[in-house]
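Engineer: Have a look; sequence and predicted model below, questions after that.
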Amino acid sequence: MQVTETLNEGLKREIKIVVPAKDLEARLVQRLDEAKDKARLNGFRPGKVPAAHLRKMYGKSFMAEIVNEILTDAPRSILAERGERSATQPRIDMSEDEKEAEKVLDGKADFVFTLNYEVLPKIEVKDVAGIAVTRDVVDVPEKEINEQIERVLSSTRSFSEKKGKADDGDRVTIDYLGKLDGTPFDGGADNDAQLVLGSKMFIPGFEEQLVGVKAGDETQIKVTFPENYGAAHLAGKEATFDITVKEVARPDELAIDDEAAKKLGLESLERLKEVIREQLESQYGSVTRQKVKRQILDALDGDYQFETPERLVEVEFNNIWNQINNELQQAGRTFADEDTTEEEAREEYRKLAQRRVRLGLVLSEIGEQAGVTVSEEELQRAVYDQVRQYPGQEKEIFEFFQRTPDAVANLRAPIFEEKVIDHLLGKIKVTDKKVSPEELMAEEEEEASAKPKKKAAARKKEADAGEEKARPAKKASEKK
């Protein structure tokens, strides 16, 4: 096998491989000889089939197997000999001429093909001792815990039938039928729907128009769906709802005691407080973790600048771009609505893709040199976490992971990354800073309210801190 480098430009490599016809013939002769004792052909005793007859019967199929073995083994062996690591699976190019292919299978021509790939850049890991980050620390206020307890227990609040008009805070039981231009639309009807007025569970303007209704009333209200409503066919549309009021009920006094906690499956009010405290601490801790991670990644981004493999960037860009366009489509919006152009957005997200790839390679190298690994137990735990997200479909999801190794590999990457971040936290300077919940969340809320064109930095932070997608439109929670 003759191996010739035909391109060495930056990270790009092209290798031409020529397997002489005589080498193919030698492998075919060996394959036919091995098959001689196994072949079972009518008219011939085992082991006595003439080589010429075997070649006539199996020559092309054996040669096709040999060619496929070469295409499978060559990339791996060539990269190993060259001491290179390919960023992606090497692309194999060969002649599409059918006559040329027939000659190869007949053993009358050399087998020629090329490998095209990009090598992973060599990264010299730098000392991280100079990196300093500030870690915001929040002590959960008792007031917030108590407010959360009240909100949680409000779901257990009982209501008593009320004679007269509905006030804010009352619960109404209604039948409703939504219409666009006088025609009912999918998902716009329900019977015996219960709605607490003022809860803002329905679209703006709906609940407000029900204040003052009483049992037995039939009325019609008009509303306009928000421009960013999740269902594109309703976004920005004016609709009417025919309402029949079946009951008005006032809220009973909210009980905050052990009995109320037991309705939630907890043994006491004190245990409910513990659970809520743990949840709030976890939520604030998650925000703190992301902010620290952003600082680390920003520092690494400043320390490492190198050429990134184009194919990896293209894959990352396509993932981001598809997500962006899906969200815009679901919201019924365009890039112009987001105060940008498609060209500007493409440039912005390509830069984001390059940063993601570069930082991913840096973290990978740091982790590898530090001996960071992901255990099978951690991987299985991640699989079970995924399975639990689909109640009722556990068996199907678990079987999906069993038969899809790539899906399991995708779970490994974020676990590995978080363990590398933990490793770095043990090496860098971390200064704890006591802050209030409002101070901790101020930056997040500011970014969430910023116009999309001005959110480039925010989206980088989201993406690099473990978010699965960058968002050009409003977040899902803002689309209701």
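Structural biologist: Alright, I've got the coordinates. The structure displayed is predicted, hence computed values, not measured ones.
Engineer: wait, doesn't P141 sit right on Y284?
Structural biologist: No - using C-beta atoms under 8 Å as the test, P141 is too far from Y284 to be in contact (10.8 Å). Yep, even glycine has a C-beta here, placed from its N, CA and C like the rest.
Engineer: So between the two, which is more surrounded?
Structural biologist: Y284 (20 against 12; other C-beta atoms under 10 Å).
Engineer: all helices of the protein, in order?
Structural biologist: Under the criterion DSSP state H, helices of the chain are mapped to 21-36, 51-82, 98-105, 142-153, 258-263, 269-303, 310-331, 342-370, 376-388, 394-403, 405-425, 437-449, 456-464.
Engineer: Would you mind pulling the contact partners of the fourth one?
Structural biologist: Counting by C-beta atoms under 8 Å, 6 or more residues apart in numbering, the neighbours of helix 142-153 from elsewhere in the structure are 254-256, 260-261, 264, 269, 272-273, 276-277, 279-280, 437.
Engineer: joint contacts of P141 and Y284?
Structural biologist: P437.
Engineer: where does the stretch 351-480 of the chain have low pLDDT?
Structural biologist: Residue ranges of the stretch 351-480 of the chain with pLDDT under 70: 444-480.
Engineer: Apply 90 and report the result again.
Structural biologist: The model of the stretch 351-480 of the chain has pLDDT under 90 over residues 386-396, 398-399, 401-410, 441-480.
Engineer: from the contacts of helix 142-153, which two are the most distant?
Structural biologist: Between any two of those, the greatest separation by C-beta to C-beta is 27.1 Å, found for A255 and P437.
Engineer: can I see the domain layout of the protein?
Structural biologist: Listed domain ranges for the chain are 2-118, 158-253, 261-478 (source: automatic domain parsing).
Engineer: Take the ones you listed and lay them out in CSV including distance to A129.
Structural biologist: Below are those laid out as CSV (distance: least, C-beta to C-beta, whole Å):
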stretch, distance to A129
domain 2-118, 28
domain 158-253, 46
domain 261-478, 6
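Engineer: Out of those, flag the one nearest D127.
Structural biologist: With C-beta to C-beta as the criterion, D127 lies closest to domain 261-478 of the domains of the chain, at 8.7 Å.
Engineer: Could you pull up the mean pLDDT of stretch 299-310?
Structural biologist: For stretch 299-310, mean pLDDT rounds to 94.
Engineer: Give me the buried positions along it.
Structural biologist: For stretch 299-310, a neighbour-count test (16 or more other C-beta atoms under 10 Å) marks 299-300, 304, 308-310 as buried.
Engineer: export it as PDB, just CAs?
Structural biologist: Output of stretch 299-310 as PDB, limited to C-alpha atoms (Å, rounded to 0.1, in the frame of the first residue of the first chain):
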ATOM      1  CA  ALA A 299     -10.600  33.200  31.200                       C
ATOM      2  CA  LEU A 300      -9.700  30.100  29.200                       C
ATOM      3  CA  ASP A 301     -11.100  31.700  26.000                       C
ATOM      4  CA  GLY A 302      -8.600  34.600  26.600                       C
ATOM      5  CA  ASP A 303      -5.700  32.200  27.200                       C
ATOM      6  CA  TYR A 304      -6.200  29.900  24.200                       C
ATOM      7  CA  GLN A 305      -6.400  31.000  20.600                       C
ATOM      8  CA  PHE A 306      -5.900  28.500  17.900                       C
ATOM      9  CA  GLU A 307      -7.300  27.300  14.600                       C
ATOM     10  CA  THR A 308     -10.400  25.200  15.100                       C
ATOM     11  CA  PRO A 309     -11.400  22.200  12.800                       C
ATOM     12  CA  GLU A 310     -13.900  23.500  10.300                       C
END
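Engineer: re the thing from before, identify the farthest-apart pair in the buried residues of stretch 299-310.
Structural biologist: A299 and E310 (25.7 Å).
Engineer: Could you pick out the buried ones from the contacts of helix 142-153?
Structural biologist: Listed as buried from the contacts of helix 142-153 are 260-261, 269, 272-273, 276-277, 280, 437; burial here means 16+ other C-beta under 10 Å.
Engineer: Please convert those residues to CSV, extending it with distance to K22.
Structural biologist: CSV is the format used below for these (distance: C-beta to C-beta, whole Å):
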residue, distance to K22
A260, 87
A261, 84
L269, 86
L272, 81
K273, 82
I276, 78
R277, 77
L280, 75
P437, 77
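Engineer: Need phi/psi at A129.
Structural biologist: Main-chain torsions, A129, degrees, to the nearest 10: phi -60, psi -20.
Engineer: of all the helices of the chain, which gets the most neighbours per residue?
Structural biologist: Of all the helices of the chain, helix 456-464 has the most neighbours on average by mean count of other C-beta atoms under 10 Å, namely a mean of 19.
Engineer: ok so, going back, how about the helices of the chain, which one is nearest P90?
Structural biologist: Closest among these, using C-beta to C-beta: helix 51-82, at 4.7 Å.
Engineer: okay, the angle between that closest one and helix 21-36?
Structural biologist: Angle of helix 51-82 versus helix 21-36, following axes from the mean of the first three to the mean of the last three C-alpha atoms, to 10 degrees, is 120 degrees.
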